[in-house]
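Novice: Here is the input, now give the coordinates:
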Amino acid sequence: MNTLHNKNLIIIAPTAPPAICGVSDYAYQMAKELRKTYDSITIGVEHEPAEAPTTDGIGVKPWRQLLGAAAGPATDVFLNYTPTSYARTGWPLGMLQALRRFRKAHPQNRLFVFFHETWNGSHDLRPVQLVQQQVIRLAMRRIGRLADGVAVVNAEQQQKLMRLLPRDNVRLNAVGSNILPSTREAGLLSERQPGNWLVFGLPHTRLWAIEAHLAVLKTAHAQGRLRRIYAVGPTDSVFARQEKELVRANLGEDVLVQLGALGPAEVSERMLNAEAALVGLNANGLKKSGTFAALAAHAVPIICEVDTQLDQPPGLAFLQPAEVLANPNLLTEPESERRRRLLHQWFWDNRSWEAIGQSLQAWLQEAA
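Specialist: Residues are numbered from 1 along each chain as shown. Alright, predicted model coming up:
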């Protein structure tokens, strides 16, 4: 039974598949999940994909066109927002005006905003950057005050938005991964290749992960437990060159294999084969990282220094660097198996697209 306040939904995103964008992929996945509940769903885009949209029959139109026509039946809008997706300056004047008109067009129209990113509050920015971040902050304040519901990814962002708006009901939304195994159980059944470890993501995050775990890497390599580190992700940057030089200087010439940016199926295969993966993120980073989520979905044992009291994701499911240093055989022991199964279960219960869709549906229903 449809218990939502409205039966029509517009999901706004920067673009739509086959164009590549993490926020847009999230919007598409949510459109697929929420069409189980809404009678009509359309994706409103800032940039139409160059090729025909591959959205399983879900309509794709410019968001300006959709919001301009929202004076008919009562409609919900779910805006996926990042600071410069809808204006390079950070001040999306056209969107602000369109959202105000949307709110006035029908008394039952509702607006929900998911801020995937927020402004940079650092004082170490150049003057022009400081000005832009203040503009971004003001734009988010204006949009947030128009909304019936506001969500962010992690607790740090939540505190920022609660102070900015102000409101005490800023929600935490989970994000999933677009790199998934062919079946839920594939990561638990695949054969792991001893000595082959993985680091995955953008060059700077890979470099951070290797730097954070250099002592573990050197010890494991000296013990013969580590043979290769496979780096998956772009290699055309100064960080990728630093990554290569760091491993060469500490572990030798042939230990790091930079595979470059691979397709989802190839990345999935690497994850299914890896004996372990290195992650250099803190708790807030883990909550918004699609790369970490992909590793968990594939049941890869993850080496990461995380507070064991953390519950989302469960801190007890990670292999602490100090543990790996103290016990060279940990990766092949039952305790490592138990932990990766725990992390795998957590992902499918909390960060799969189906779980995220159910959580989002509950949010929209609570606000009805």
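
Novice: Quick check: residue 131 vs residue 364, distance?
Specialist: Residue 131 sits 36 Å away from residue 364, going by Cβ to Cβ, to the nearest Å. For every residue, glycine as well, the C-beta is placed using N, CA and C.

Novice: Neighbour count for the two, which is higher?
Specialist: residue 364 (22 against 13; other Cβ atoms under 10 Å).

Novice: Provide the secondary structure category for the more buried one.
Specialist: helix (DSSP: H, G, I helix; E, B strand; the rest coil).

Novice: again, but for residue 331
Specialist: Going by three-state DSSP, the state assigned to residue 331 is helix.

Novice: Quick one: residues contacting it.
Specialist: The contact partners of residue 331, taken as Cβ atoms under 8 Å, 6 or more residues apart in numbering, are 225, 275-276, 301, 319, 324.

Novice: Swap in 6 Å and give it another go.
Specialist: Residue 331 makes contacts with 275-276, as judged by Cβ atoms under 6 Å, 6 or more residues apart in numbering.

Novice: pLDDT wise, what is it at?
Specialist: Here the pLDDT value assigned to residue 331 is 95.

Novice: State the distance from it to residue 339.
Specialist: Residue 331 sits 10 Å away from residue 339, taking Cβ to Cβ as the criterion.

Novice: which residues of the protein score low on pLDDT?
Specialist: When residues are selected by pLDDT under 70, those of the chain lie in 1-5, 70-71, 368.

Novice: Okay, domains of it per the record?
Specialist: For the chain, the structural domains run 8-175+353-366, 186-350, going by automatic domain parsing.

Novice: can you give me the end-to-end distance of the shortest one?
Specialist: The reference is to domain 186-350. 18 Å (Cα to Cα, to the nearest Å).

Novice: now stretch 35-44
Specialist: Note: stretch 35-44 ends 15 Å apart using Cα to Cα.

Novice: got it, and stretch 314-321?
Specialist: In stretch 314-321, first residue to last residue: 16 Å (Cα to Cα).

Novice: What's the local residue count around residue 85?
Specialist: Using other Cβ under 10 Å, residue 85 has 23 neighbouring residues.

Novice: thinking it is in contact with residue 14, fair?
Specialist: Yes: here residue 85 reaches residue 14: they are 4.4 Å apart, a contact under Cβ atoms under 6 Å.

Novice: which residues are common contacts for those two?
Specialist: By Cβ under 6 Å, 6+ apart, residue 85 and residue 14 have no common neighbours.

Novice: so how far is residue 175 from residue 265?
Specialist: According to Cβ to Cβ, residue 265 stands 21 Å off from residue 175.

Novice: which of these two has more neighbours?
Specialist: Between residue 265 and residue 175, counted using other Cβ under 10 Å, residue 175 has the larger neighbour count: 21 against 10.

Novice: Identify the residues contacting the more buried one.
Specialist: residue 288.

Novice: That one and residue 352: what is the separation?
Specialist: To residue 352, residue 175 is 11 Å away according to Cβ to Cβ.

Novice: next one: residue 241
Specialist: As judged by Cβ to Cβ, residue 241 and residue 352 stand 36 Å apart.

Novice: For those two, indicate the residue with more neighbours.
Specialist: Just comparing residue 241 and residue 352: by other Cβ under 10 Å the higher neighbour count belongs to residue 352, 19 against 14.

Novice: which residue sits closest to that one in space, ignoring its chain neighbours?
Specialist: Excluding the flanking residues, the one nearest residue 352 by Cβ to Cβ, 6 or more residues apart in numbering is residue 176, at 6.3 Å.

Novice: Now do residue 201: how many residues are near it, please.
Specialist: Using other Cβ under 10 Å, residue 201 is surrounded by 23 other residues.

Novice: same check, this time on residue 136
Specialist: Neighbourhood size, residue 136 [other Cβ under 10 Å]: 22.

Novice: Helix, strand, or coil at it?
Specialist: Per three-state DSSP, residue 136 ends up helix.

Novice: contacting residues for the residue nearest to residue 352?
Specialist: By Cβ under 6 Å, 6+ apart, the residues touching residue 176 are 293, 351, 353, 356.

Novice: what about the first one, how many neighbours?
Specialist: Right, the one you point to is residue 293. When counting by other Cβ under 10 Å, one arrives at 24 neighbours for residue 293.

Novice: Quick check: it touching residue 351?
Specialist: Yes: with contacts defined as Cβ under 6 Å, residue 293 counts as touching residue 351 at a distance of 5.0 Å.

Novice: Confirm the residue nearest to residue 352 sits in a helix?
Specialist: No: read with three-state DSSP, residue 176 is coil and lies in no helix.

Novice: roughly how far apart are it and residue 197?
Specialist: From residue 176 to residue 197 the distance is 24 Å (Cβ to Cβ).

Novice: try residue 303
Specialist: In this view, residue 303 and residue 197 are 8 Å apart by Cβ to Cβ.

Novice: go on, residue 85?
Specialist: Distance from residue 85 to residue 197, by Cβ to Cβ: 35 Å.
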